[in-house]
Structure formats: C-alpha cells, structure tokens
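>>> 3D, please:
(chains A, B, C and D)
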2 protein chains.
Amino acid sequence: MSSERFSSDIAVPTLEDVANMAGVSAATVSRCLNSPGVVTDRTRDRVMRAVRELGYAPNFGARALAAKRTNTFGAIIPTMENAIFARGLQAFQEELGKHGITLLVASSSYRSDLEEEQIRALVARGADALLLIGHDRTDEAYGILERRQIPHVVAWVCDHSQSRLSIGFDNRKAMKALTCEVLKKGHRSLGLITADRIENDRARERAEGLFEAMAEFGLTMDEIRIVEAPYSIASGAQAFGELMREEPRPTAVLCGNDVLAAGAISMAKKSGIRVPEEVSITGFDDIELAEIVTPGLTTVHVPHREMGRGAARLLLNLSNGGDPGPSIELTATIKWRASLGPAPSKS
Amino acid sequence: MSSERFSSDIAVPTLEDVANMAGVSAATVSRCLNSPGVVTDRTRDRVMRAVRELGYAPNFGARALAAKRTNTFGAIIPTMENAIFARGLQAFQEELGKHGITLLVASSSYRSDLEEEQIRALVARGADALLLIGHDRTDEAYGILERRQIPHVVAWVCDHSQSRLSIGFDNRKAMKALTCEVLKKGHRSLGLITADRIENDRARERAEGLFEAMAEFGLTMDEIRIVEAPYSIASGAQAFGELMREEPRPTAVLCGNDVLAAGAISMAKKSGIRVPEEVSITGFDDIELAEIVTPGLTTVHVPHREMGRGAARLLLNLSNGGDPGPSIELTATIKWRASLGPAPSKS
DNA sequence: TTGTAGGCGTTATCAG
DNA sequence: CTGATAACGCCTACAA
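Numbers count the residues shown, from 1 in each chain, chains lettered A, B, ... in the order given. Okay, here's the model as predicted:
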C-alpha cells in the first residue's frame, strides 16, 4: 500500500513492503529484525532475502516512536576546533561502539545557551544518554535532563562540592600543583592566560587552584596579571603579548590550556623572548601540541582516554537501569618538559 | 490522556499536554511551534507559556515520521583526532545553524566499511542531507544514498574525472605545484610520508601530483622513498626516522598532511637534523600546527572555511529541491614558511 | 484563526 | 510461531 511498486519505483521501502514480498505480516518482519531467535529459520530466510532485495532499512523515527529507545547517546563538547576533547571523545565512541550504540556529537562553542539548545536537540532526537563537559549550565538544561530522566554524566571535572555523577579530575588541585612547581622555581611574578571563566567551571577552577597556590606561598593578587582569551593559538599569542607589556613583567606565564600556551610560545619566539630563560610558560591538557612546540610544554597531563572510556561505561550502566556507583576521580599529573625553568635571577 | 498529571507526574510532556494546559487543540500548539505567524498573538502567548512551564520539547521521532523531514544534516569525517577537518566542519555547522538545521557528526576512522555503517546510521536517523569526504567509498554506500535520494556532497576534493557533486580543491594539482617548488630549489632526492592510499583518494591524488611533478623534472621513481603512516604526529615522526636511514638520504621530505609533517619536524629535531639546512620538510593543509612548529611549515593552504560554508549552501539548496549547480573548485595555495630551503649543495 | 481526523513506519500485546 | 491491531507523538489537509 505504501509503495505501489511500479517497475521503477524509487520509494523508500517500508516494513510492509518487505512483508508483502516475503508473504508474511509486518509483525513477523519486525521480529526477524529484532529477535531473530523467535522465528522459524525458513521464514527468516525468506524475510531476510526480501530485506536485502529491497535494500530495506528501518525508519529510525518510527522505531524510536514505537520502542522508546534509540541506541543513541549524545555528547556535547565546547568545541571541535581544537584537539582538547578529541581524544576523550574518540575513546568514548569506541567504547559505545562495542555495545552497538551510536554517538551523536554536538558542540556548544562554550556558550551555555547554545548548549541548552543542543541538549534539547539531542534529547528530542531521542538520545538515550548524554555526556556533558563541566558542571556549568543553565537550570533549564538540568531541568530537561531531570524531567525526562535522561541518564547523563559530567566529565572533565571532579568537583567534590557537586553531587552530580561525574568522571574526571580535580582541575583546581591539578593547577595548584603545577603552580606550586612554578613557585618552587622561584617565580614571584606570574601571568595567567585563561579562557573566559564565565560559564566555564574548568577554567574557573584552574584559576582558583593557581590562586590557592599563590596564597600558600604568601603571594597576593598584586603579583599576578590575568588575561582572558578565547580558545585559539592566535589569541593565546596576543594575550602573551599583552602580558609582556605589563610592569613588572611576569617571569612565568601559566596558561589555562595547551592551545593558549602554544600561542604564547609562538609569540615569545616572534618577540625574541627566550623560553624558559626569560619567561617560563606552562600549559594544561597535554595534547600532542604540547610535545611539538619548542620548547616542549610543561603541562598537566589529563587522562583523556580513561575519561572517555569511563564515561561510556557509566552511561551504559545507567541507561540499562543499573547503578553507576559514585563519581570517579581520575588523577592528572604534571608532565615536565622544557618550557618551565627557574626564575631569572634579577628583577 | 497521555499523562494523567498527578501532582508529581514526571512523564515527558507531549503536544497534547501542552494543548490541555493552554486550553487549545494539539493542532494549534503544533502551529505555534512550526508556523507562529498563522496564530493569534494571544493564543500563542498562552501556548508558549504552557510549553515553558511543562518544559515541552517535541518528540523528534514523531515529528520526523509525520513531517518526513528532520532538519538534520549529517557529516562523516575520517577522524576527529586531529584538526584537519575541524575548521571546515565548524564553518559547515555555523552555516547550517543559521538555517535552523542541526548537524550530526560521525567519524569513520578512514575505513570505508565503517563509513558505510555511519551512512546507514545517519540516513536511518533521518539525516536530510550528508557531507562526505572524498570520493572513495563502497558501492553499497552510494547505493543507499541513491535509493533514498539523500542529497549529498563530496568535499575536500575536486576530481574532474568524477561526476558526483563536490566542493573542494584539486589535491593532485596542489601537491604537484608544491613539489615543483621543492624541485626548483634543487632537491633531487625526495621522501614522501603519506597516509595509507587505499580507500583515501586525497592521499592518492596528492601522491600522484608529486609523481607528476617529478616526471616533469625528469626524475624517476628511483629518486623517491615512500613511507605510509597513520595520521598522527608520532607516526609521522617514526616515518621520518625511517626515511633518514635510507640511502641516499632524501634532502626533502614531503608529507601528505601537516600532522605527519609536524611529526617529521619533531623527529628531525630529536635526531639533530637541521631543517631546512640538511633536510627540507613540507606539509599539507595549513592547520594551526603548521604555524606553530619550528621551523614553520611550508605547506599547502586549504580553504577549509570556504569549503565548509560552501558545502552547507549546496546541501541546503539541494534539500530544498533547488538546483545546486555544478561542482565547485576552490583553489589551494602554497603557504611559504621556513621548513623548505634549497637543497644542500653536495649530494 | 482554530479544531477534527487521518496517517506516518514500527513495536508490542494479544489472540490464534 | 505468526497475524491482527492498538499505540507511539506529531503534522497537515480539510472543515468549521
């Protein structure tokens, strides 16, 4: 009925078409596809042949509508433009793939209004579960998740003051540890290049960690210059330029991530400022970039793959009605390379 | 009816719930959402309030089923692990966003069997149109696209021997031009680090371009050493190491992309081989990485953003039943940086 | 401008 | 083991 099957009928075949060709009911075709064990070998063969012949593929919308399950998870990351989330996402996807579930990725450009929109889109699209980055988002966003009871996990963070299920590392602690190393090298005049801290708890926590370390070493906020910059090499470079014009000039510039740090290094090179002899620079994330730049970037190594894999497992569990257990804290470690050196002796 | 609305009813709200709360029919709610202009301001206000109050979001499956349109496009890229496709994809997404359509991204790991699977998944999921990279894929993949008449465009390539709609640049021509520059510098012993050329027409075309240039300069295949390597900095580094052990040692190493080239440069540095004094290295793509490494990478600048934006427009057109016009050829240009120098004077 | 009713392609619940 | 048949949630003529 749905497709009259003229000689050159190009309509998309439906369950019913397959049923007709195989001489069975639509219900039987559906069963062949979903629980093959429950149908005779003979009829199944017949049905499968028809399926192939027609090039039939089930209509996802209809299936979702009827089954209330899509076998699709979603992930919303702040950006695809740099590699920060790529590796973790890859691991996430690989793990999901093993369980036959498809991943849909959206990016929010670090804007929580857009993220809310993306959550809506993915949820509406039937995502069975969601991977989110960081805790910062609108109440509406959380409202949607709760009302529809969408299993979700927050990754890339481990904030003990938050109760939501998460897997990640303590950004504050990691940045504090790195800053302590910088201070131990004798630096007393710092610079910070950070992403916008509004709507970005990772950036905020990292900055806080830095401040805590300074406090422990008896430094005040007078001894640090802060520049906020969008996530890109170019803006990292520009921010570094601004910092170098400050008085007194920082002897160590900590960057909120490797991308900004790479920009800083390139600007230093362009300006003839030697790293680390005149200025030390540090990053955060330990993406490939950190190893490639010259000098290599001392940075915080983040367990991207474990995070992705772990997040997938939590979500898989959750969406099967299982108990995911408590949030998981992974550890980030300092990765030493050449960009961090002792403070220049004078000034 | 669908949700009885007890005091703590957590059921997902449907169109009907909204209609009840607003005291109108479901049809009116639907209209408010889809063609707001056709309904009274007063009722629309009432409806929208109900929508907000209930946190209503339309069910995608149902909507797709009824409207036969999802306002979703898909893109399948070979990898998310490096930035090669990121910028283009971002532009693609931005353009689509302007038109209210959502982008779903999948990655194929450079494997056409996986790509076919992803095409299936996206098509089944109702993607109205698809962005694909390169021409190489299974007949089945194209079969699906044709049978279901899914508008699609092939990007990152411009192969005049292919009739399929595409937007991109001529990989062969670009690599040939770059190679000519290398040869003009006097290099007569070359190395090529390329991605696997099976199932990857970009890599194949680039290699062919290189060979053409060599032929024009009267060189034979004896004068080039080729190593295939997976897309990663580490494998680029390793491949470069292998090349440097060849006899005679190449004086110029051309890489199929910037990621491999970055690896090559880092290995050169590690081995104490000066670039470009002892060996010249070139990349392809001109991603940020190319600017960051030291020395800067002479590479082929690819118009990623135009490609992404253009692809979106073609697809938008196509999915609205319009005529997209012919394939579009963009031009890739050589971006000069320091990594390419004259051939060392002796041997 | 708004409401009514039918249908979109599957799955799931029943009988048979 | 198989076949009707009723949802599933929304859109869209068509009618009022």
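>>> how far does stretch A:30-45 stretch from start to finish?
14 Å (C-alpha to C-alpha, to the nearest Å).
>>> where along the stretch 1-150 of chain A do the helices fall?
A:15-22, A:26-34, A:41-54, A:60-67, A:86-98, A:112-124, A:139-147 (DSSP state H, counting those that start in this stretch).
>>> what bridges to residue A:133?
residue A:155 (DSSP bridges).
>>> Count the residues that sit near it.
Residue A:133 sits with 27 neighbouring residues when counted by other C-beta atoms under 10 Å in any protein chain shown. C-beta coordinates here come from the backbone N, C-alpha and C atoms, glycine included.
>>> same check, this time on residue A:177
The tally of other residues near residue A:177 (other C-beta under 10 Å) stands at 16.
>>> surely it meets residue A:334?
Yes. The criterion here is C-beta atoms under 8 Å, and residue A:177 meets it with residue A:334 at 6.3 Å.
>>> so where is the stretch 51-200 of chain A shaky, pLDDT-wise?
Within the stretch 51-200 of chain A, no stretch has pLDDT under 70.
>>> Show me which residues of chain A sit near DNA strand D.
Taking C-beta under 7 Å from any atom of the strand as the measure of proximity, chain A contacts DNA strand D at A:23-28, A:31, A:38-40, A:42-43, A:62, A:65-66.
>>> The same query, at a cut-off of 10 Å, please.
Within chain A, the positions near DNA strand D by C-beta under 10 Å from any atom of the strand are A:15-16, A:19, A:22-32, A:35-44, A:46-47, A:61-68, A:124.
>>> Against DNA strand C, which of the residues you listed make the cut? List them.
Filtering the residues of chain A next to DNA strand D for proximity to DNA strand C by C-beta under 10 Å from any atom of the strand leaves A:15-16, A:19, A:25-32, A:35, A:38, A:61-68.
>>> Output the set of residues of chain A in proximity to DNA strand C.
Residues of chain A found near DNA strand C (C-beta under 10 Å from any atom of the strand) are A:1-3, A:11-19, A:25-35, A:38, A:56-69.
>>> redo that, cut-off 7 Å
Counting by C-beta under 7 Å from any atom of the strand, chain A sits next to DNA strand C at A:2, A:12, A:14-16, A:26-27, A:30, A:33-34, A:56-59, A:62-63, A:65-67.
>>> May I see the ChimeraX selection of the buried members of those residues?
Here is the ChimeraX command that selects only those of those that count as buried (16 or more other C-beta atoms under 10 Å in any protein chain shown):
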select /A:12,14,15,30,33,56,57,58,59,62,63,65
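>>> Check what pLDDT residue A:3 gets.
pLDDT recorded at residue A:3 is 36.
>>> quick one: secondary structure of residue A:196?
coil (DSSP: H, G, I helix; E, B strand; the rest coil).
>>> nearest spatial neighbour of it, skipping sequence neighbours?
Nearest residue to residue A:196, sequence neighbours excluded (C-beta to C-beta, 6 or more residues apart in numbering or on different chains): residue A:228, at 5.3 Å.
>>> Do I have it right that that neighbour meets residue A:198?
No. Residue A:228 is not in contact with residue A:198 according to C-beta under 8 Å; the separation is 9.1 Å.
>>> of these two, who's got more company?
Under the criterion of other C-beta under 10 Å, the comparison of residue A:228 against residue A:198 puts residue A:228 first, with 16 against 12.
>>> and the more buried one, what is it in contact with?
Residue A:228 makes contact with A:193, A:194, A:195, A:196, A:197, A:239, according to C-beta atoms under 8 Å, 6 or more residues apart in numbering or on different chains.
>>> Among the residues of chain A next to DNA strand C, name the ones that also lie close to chain B.
Subset of the residues of chain A next to DNA strand C in contact with chain B: A:12, A:57, A:58, A:59, A:62, A:63, A:65, counting by C-beta under 8 Å from any C-beta of the partner chain.
>>> Format the contacts of residue A:228 as CSV; extra columns: neighbour count.
Output for these, formatted as CSV (neighbours: other C-beta atoms under 10 Å in any protein chain shown):
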residue, neighbour count
A:193, 28
A:194, 24
A:195, 25
A:196, 15
A:197, 18
A:239, 25
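>>> What is the most widely separated pair among those?
A:197 and A:239 (13.9 Å; C-beta to C-beta).
>>> what does stretch A:19-34 contact?
With C-beta under 8 Å, 6+ apart as the contact definition, stretch A:19-34 has outside contacts at A:15-16, A:18, A:38-39, A:43-44, A:46-51, A:53-54, A:58.
>>> Alpha carbons of stretch A:195-212, in CSV - could you do that?
The C-alpha coordinates for stretch A:195-212 follow below in CSV (Å, rounded to 0.1, in the frame of the first residue of the first chain):
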residue,chain,number,x,y,z
ALA,A,195,39.7,31.1,28.9
ASP,A,196,36.7,33.1,29.8
ARG,A,197,35.7,31.9,33.3
ILE,A,198,32.0,32.7,33.0
GLU,A,199,30.1,29.6,32.2
ASN,A,200,33.3,27.5,32.3
ASP,A,201,34.0,25.8,35.6
ARG,A,202,37.1,24.2,34.4
ALA,A,203,38.7,27.5,33.7
ARG,A,204,37.4,28.9,36.9
GLU,A,205,38.7,26.0,39.0
ARG,A,206,42.1,26.1,37.4
ALA,A,207,42.4,29.8,38.2
GLU,A,208,41.3,29.1,41.7
GLY,A,209,43.9,26.5,42.1
LEU,A,210,46.5,28.9,41.0
PHE,A,211,45.3,31.5,43.5
GLU,A,212,45.4,28.9,46.3
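>>> Name the residues that touch that stretch?
A:78, A:110-112, A:133-137, A:156-157, A:159, A:170-179, A:190, A:192, A:194, A:221, A:224, A:226, A:228-231, A:254, A:256-257, A:260, A:284.
>>> For it, buried residues please.
A:195, A:197, A:199-212.
>>> what about that stretch, distance to the chain center?
The chain centroid and the centroid of stretch A:195-212 are separated by 17 Å under C-alpha atoms, centre = their mean, to the nearest Å.
>>> can you check stretch A:74-81 too?
Distance, centroid of stretch A:74-81 to centroid of chain: 6 Å (C-alpha atoms, centre = their mean).
>>> Name the residues that touch that stretch?
By C-beta under 8 Å, 6+ apart, the residues outside stretch A:74-81 that reach it are A:85-86, A:89, A:92, A:103-110, A:115, A:118-119, A:122-123, A:125, A:127, A:129-133, A:200, A:231-232, B:80, B:83, B:86-87, B:89-90, B:105.
>>> Which residue does the stretch 101-250 of chain A have closest to DNA strand D?
residue A:124 (8.2 Å; C-beta to the nearest atom of the strand).
>>> was I right about that residue contacting residue B:59?
Yes. Residue A:124 lies in contact with residue B:59 (C-beta under 8 Å); the separation is 6.6 Å.
>>> circling back to that earlier point, which one of the ones next to chain B among the residues of chain A next to DNA strand C is nearest to residue B:217?
Using C-beta to C-beta, residue A:57 comes nearest to residue B:217 of those, at 50.8 Å.
>>> need the contact list for the spatially closest residue to that closest one that is not a sequence neighbour.
Spatially, and ignoring its direct neighbours in sequence, residue A:57 is nearest to residue B:124 (5.2 Å; C-beta to C-beta, 6+ apart). Going by C-beta under 8 Å, 6+ apart, residue B:124 touches A:57, A:58, A:59, A:60.
>>> Widest-spaced pair of the residues you listed?
Spatial extent of the contacts of residue B:124 (C-beta to C-beta) is set by the pair A:57 and A:60 at 8.7 Å.
>>> between the contacts of residue B:124, which is nearest DNA strand C?
If you rank the contacts of residue B:124 by distance to DNA strand C using C-beta to the nearest atom of the strand, residue A:59 comes first, at 3.3 Å.
>>> quick one, what contacts the closest one?
Contacts of residue A:59 (C-beta under 8 Å, 6+ apart): A:12, A:14, B:65, B:124, B:126.
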